[in-house]
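Engineer: here's a sequence, model it:
(one chain, ligands or ions: 3)
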Amino acid sequence: MKSIFRMSRRSSVVTVFAIVTLLSLTVSIETAQAATQFRLVKTIISPNPSGGGFFGQSLAVAGDRFLVGSRDCNDTVCGAVHLFDSDGNLVRSIFAPTPEGFSGFGDSVGAMGGYLLVGATLDDTAGPDAGAAYLFDGATGDLLQTFLNPNPDPGAPFSRDFFGNSVTGFGDDVLVSAPDEDIAGDDAGAVYLLTEPPASSSGHSLAPPQIPSTSSARPSPPSGTTSPSPQDWTIPRSRMEVLYTFSMEIGT
Ligand SMILES: [Ca+2]
Ligand SMILES: [Ca+2]
Ligand SMILES: [Ca+2]
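Structural biologist: Ligands and ions are numbered 1, 2, ... in the order given. You can find the predicted model right below:
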């Protein structure tokens, strides 16, 4: 009987310990869940709502703001991005800068420091549906630079590259994807890295004008050049397997 009593008491102690442990774990899990559960606080709609507007087709964080891509239209073009502050209030809208009715502007959005990046996968600037990406000053909404597809497909629009399908900043550089690019095989895709080139050893500077970070003033051209004028941006071979030369346009 004594042995049975000892076992029973030991069993009770173990049971109580297990219950206390389970309760403790349950409280911990509930506390963790409460800390990680989000709740809806605001629903944001397009400032230019319309059927087929696809507001929210792309999203990106831009500092303490965020950027929303859409197919919203103004009087002349469709394709827009909308910049919101951290409370979800509209800061500004930027519509496609090209006269093309629909260029896919806003299919992708990204940011690099204080700059905004927008992909336009069907942009015709470099050829039919060749695609393009745009760099805007986040503080002013001014267009600063246009990145054109370096390998526009002669078979477009039936063999599009979708250049601008994704855009993002990478440190001080820019990445633009073209998932249907064919240089490595049909629709094998490519990603382009764009970086500011160093000054040429020949003394002719290929460096683009400095982009102002907060001012709306247009950048000054390098000495000895006129502005605006197309310039070449080169991706160093060390940064990519293939050397591409990009046509760059400052402003509009
Ligand atoms: Ca087009
Ligand atoms: Ca191509
Ligand atoms: Ca293709």
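Engineer: CA atoms for contacts and neighbours, from now on please.
Structural biologist: Fine.
Engineer: up against ligand 3, what does the protein have?
Structural biologist: Ser159, Arg160, Asp161, Asp180, Glu181, Asp182, Asp187 (CA under 5 Å from the ion).
Engineer: next, format those residues as a markdown table and append neighbour count, secondary structure and distance to Leu83.
Structural biologist: Converted to a markdown table, the residues of the chain next to ligand 3 look like this (neighbours: other CA atoms under 10 Å; DSSP: H, G, I helix; E, B strand; the rest coil; distance: CA to CA, whole Å):
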| residue | neighbour count | secondary structure | distance to Leu83 |
| --- | --- | --- | --- |
| Ser159 | 17 | coil | 32 |
| Arg160 | 23 | coil | 29 |
| Asp161 | 31 | coil | 27 |
| Asp180 | 19 | coil | 28 |
| Glu181 | 23 | coil | 30 |
| Asp182 | 18 | coil | 33 |
| Asp187 | 16 | coil | 32 |
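Engineer: filter these by proximity to ligand 1?
Structural biologist: Of these, not one also sits near ligand 1 (CA under 5 Å from the ion).
Engineer: closest to Leu193 among those residues?
Structural biologist: Glu181 (14.5 Å; CA to CA).
Engineer: contacts only, for the closest one.
Structural biologist: Residues near Glu181 by CA atoms under 8 Å, 6 or more residues apart in numbering: Asn151, Arg160, Asp161, Phe162, Phe163, Asp187, Ala188, Gly189, Ala190.
Engineer: let's go with 10 Å and repeat that
Structural biologist: Neighbouring residues of Glu181 by CA atoms under 10 Å, 6 or more residues apart in numbering: 149, 151-153, 159-163, 187-191.
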